[in-house]
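**Student:** Make a model of this:
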Amino acid sequence: MLEMQVLNMMACWAEDPTSDSVKFHLARVPDFLWLAEDGIKMQLNGGSQLWDTVFATQAIISSNLTDEYGSTLRKAHEFIKQSQELGLSPLKMMDGKLIDCIAEALKAILLLSQIPAEIVGEMIEAKRIYDAVNVLLSLQSKNGGFTAWEPVREHQWMQKLNPTELFATAAIEREYVECTSSAIEALVLFSQLYPGYRKKEIETSVANAVQFIEGSQMEDGSWYGNWGICYTYGTCFALAALAAVGKTCRNSQIVRKACQFLLSKQQESGGWGESYLSCTNLEYKHLAEGNRSHLVQTSWAMMGLIHAGQAELDPQPLHKAARLLINSQMESGEFPQQELAGVCLRTCVIHYAGYRNIFPLYRNIFPLWALGEYRKHVLSPSQEVQTPSGTWNSQYR
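**Tutor:** Residues are numbered from 1 along each chain as shown. Predicted coordinates:
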């Protein structure tokens, strides 16, 4: 990770401030540390290219514009296939092997497999899919949850020995609702398409993972998000996992309680806006302005509610949120940059926007994804109209 270069540079300086090693380090500082218009930025790692690609792929597929953007999906498909490490079979992200990235990449590959090959290219061979499933099953913790890197091996008290200030929970590994959710969705989708492969083991794994997620719910109905801000993000992922196994507002008190939490945080504008302080204070905090919405977080909340079946009970909160997203889109097709939406290890806030803000990710991908899910699951055909860019509903503009 690139922050290690700073520590290495400090160590060289402590040994000899005039050494060639220090000079070489200083020459490379602009590669990972720079001053932007909204403050100083640091490149945390070598990138999250696979993570970006699989999320963008799922968002485009959700939009039902696969014919129009088939060439993009074909390139993404090829990149995902090439990212798999044959033999071990995890998929690369951030110069490492992350469990949720394996799962999200597997989801993307499986979704792409349901689109004609003449649009997205040839499907990956089944053995490589089996390899990825095998890796996922091998990495589940005893309590049913999934971590980011490997099953938990240390005791929780070791966290008190954490020497870092930047990462509040970096000393030991632990299970995360988001990683567990990604694994559940991937395994459920895999079982639907490949029902004969390790069926019983997958059923047991999914059941244990669902039990972990349900047991992790907070008293107010939310889930703590570890890789995005914060309770909005965690709740979105948890509801997606529960929906994958058929748990919705109709049949689950846990899901109903989560929907009540999300609806209680919706702003008058129709959106949601959560501060990074939620991560450190361990309780939900609105953005400083109090009634200002964040489009990425609004997208997360929308997707969580759609997964949960909120549209069947009362679609109006979803209509309000969709109206906000649609009216916030800029002439370029992008969505405006707002506060940072990513976080890791509780205290490190992350800007998922690519190096020097060249390739924006979250601010464009999640609104697209949410609106795709909204059109597919909330709007009825009678509500849709034909526009030059495709079928849409004009009443929400």
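
**Student:** what about residue 331, how many neighbours?
**Tutor:** If you count neighbours by other C-beta atoms under 10 Å, residue 331 ends up with 5. (Glycine included, C-beta is placed from N, CA and C.)

**Student:** and it, what does it touch?
**Tutor:** With contacts taken as C-beta atoms under 8 Å, 6 or more residues apart in numbering, residue 331 has no neighbouring residues.

**Student:** Can you tell me the SS state at it?
**Tutor:** Assigned by DSSP: H, G, I helix; E, B strand; the rest coil, the conformation of residue 331 is coil.

**Student:** What mean pLDDT does stretch 24-32 get?
**Tutor:** Here stretch 24-32 scores 87 as its mean pLDDT.

**Student:** Give me the buried positions along it.
**Tutor:** Within stretch 24-32, the residues scored as buried using 16 or more other C-beta atoms under 10 Å are 25, 32.

**Student:** Do me a favour and get the end-to-end distance for it?
**Tutor:** The separation between the terminal residues of stretch 24-32, taken as C-alpha to C-alpha, to the nearest Å, is 14 Å.

**Student:** any idea how far it is from the chain center?
**Tutor:** What separates the centre of stretch 24-32 from the centre of its chain is 31 Å, taken as C-alpha atoms, centre = their mean, to the nearest Å.

**Student:** swap in stretch 176-194?
**Tutor:** The gap between the average C-alpha position of stretch 176-194 and the chain average comes to 13 Å, counting by C-alpha atoms, centre = their mean.

**Student:** Same question for stretch 198-210.
**Tutor:** Shown here is stretch 198-210, whose average C-alpha point lies 22 Å from the average C-alpha point of the whole chain (C-alpha atoms, centre = their mean).

**Student:** in whichever helix or strand residue 376 is part of, what's buried?
**Tutor:** Using DSSP states H and E, residue 376 maps to helix 362-377. Across helix 362-377, burial judged by 16+ other C-beta under 10 Å covers 362-375, 377.

**Student:** again, but for stretch 260-277
**Tutor:** Taking 16+ other C-beta under 10 Å as the basis for neighbour counts, the residues of stretch 260-277 that come out buried are 261-262, 265-267, 269-277.

**Student:** Quick check: the two most widely separated of those residues?
**Tutor:** Pairwise distances across the buried residues of stretch 260-277 peak at 22.9 Å for 270 and 277 (criterion: C-beta to C-beta).

**Student:** distance of residue 85 from residue 117?
**Tutor:** From residue 85 over to residue 117 the distance is 24 Å, taken as C-beta to C-beta, to the nearest Å.

**Student:** let me fix that: residue 366
**Tutor:** Using C-beta to C-beta, we find residue 366 at a distance of 28 Å from residue 117.

**Student:** For residue 356, give me the pLDDT.
**Tutor:** pLDDT recorded at residue 356 is 39.

**Student:** can you check residue 149 too?
**Tutor:** So, for residue 149, pLDDT stands at 78.

**Student:** Let me see the ranges of the strands in the stretch 1-150 of the chain.
**Tutor:** 33-36, 39-42, 92-93, 96-97 (DSSP state E, counting those that start in this stretch).

**Student:** gap between the first one and the chain center?
**Tutor:** Same thing as strand 33-36. On the basis of C-alpha atoms, centre = their mean, strand 33-36 is displaced by 25 Å from the centre of the chain it belongs to.

**Student:** Surely residue 266 is in contact with residue 301?
**Tutor:** Yes: under the contact definition of C-beta atoms under 8 Å, residue 266 touches residue 301, with a separation of 7.2 Å.

**Student:** which neighbours do the two share?
**Tutor:** By C-beta under 8 Å, 6+ apart, residue 266 and residue 301 have these common neighbours: 272, 321.

**Student:** need the contact list for residue 136.
**Tutor:** Residue 136 touches 99, 102-103, 106, 146, 183, 186-187, 205, counting by C-beta under 8 Å, 6+ apart.
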